[in-house]
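S.K.: Below: sequence and its predicted model.
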Amino acid sequence: MKKYLQVITTVKSKSDAEKIADILVEKKLSVCVQISGPITSVYRWQGKVEKDTEWRCVIKTSEELYSVVERTVKEIHGYETPEIVALPIEHVSEKYLKWMEEGLM
């Protein structure tokens, strides 16, 4: 069985999130990108604790498309070191899985 992932990234603005979502779905690299926010991120960067408002993208894709998704996100992302984390989809309803498979064809 083909393996599927949820890939997470965060960006500075809603418009940046929408740009990533539009490109990935249009190119059939993702069947769906969910955008949520604003969220608050607290993190250490270059020796300092930072706090920023961001938007989160949850990208649904296949494992075989991951490298292209990662490369595409990096090309359009505004951060020097963007968060790109892939989590395996371990369990999924049959109907949703069928929809994902058809959407990535």
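M.R.: Arrived safely. Numbers count the residues shown, from 1 in each chain.

S.K.: pLDDT weak spots in the protein?
M.R.: 1 (pLDDT under 70).

S.K.: so where do the helices sit in it?
M.R.: Ranges of helices in the chain, per DSSP state H, are 14-26, 66-76, 94-103.

S.K.: who are the neighbours of the first one, in terms of helices and strands?
M.R.: The contact analysis (3 or more CB pairs under 8 Å, 6 or more residues apart in numbering; DSSP states H and E) places helix 14-26 against strand 4-11, strand 32-45, strand 48-62, helix 66-76. Glycine gets a C-beta too; all of them are placed from N, C-alpha and C.

S.K.: can I have it written out in PDB, keeping just the CAs?
M.R.: C-alpha atoms of helix 14-26 as PDB (Å, rounded to 0.1, in the frame of the first residue of the first chain):
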ATOM      1  CA  LYS A  14      -1.800  34.000   5.800                       C
ATOM      2  CA  SER A  15      -1.000  35.100   2.200                       C
ATOM      3  CA  ASP A  16       2.300  33.100   2.400                       C
ATOM      4  CA  ALA A  17       0.400  30.100   3.600                       C
ATOM      5  CA  GLU A  18      -2.200  30.500   0.800                       C
ATOM      6  CA  LYS A  19       0.600  30.800  -1.800                       C
ATOM      7  CA  ILE A  20       2.200  27.500  -0.600                       C
ATOM      8  CA  ALA A  21      -1.200  25.800  -0.600                       C
ATOM      9  CA  ASP A  22      -2.300  27.000  -4.000                       C
ATOM     10  CA  ILE A  23       1.000  25.900  -5.700                       C
ATOM     11  CA  LEU A  24       1.100  22.500  -4.000                       C
ATOM     12  CA  VAL A  25      -2.500  21.700  -4.800                       C
ATOM     13  CA  GLU A  26      -2.400  23.100  -8.300                       C
END
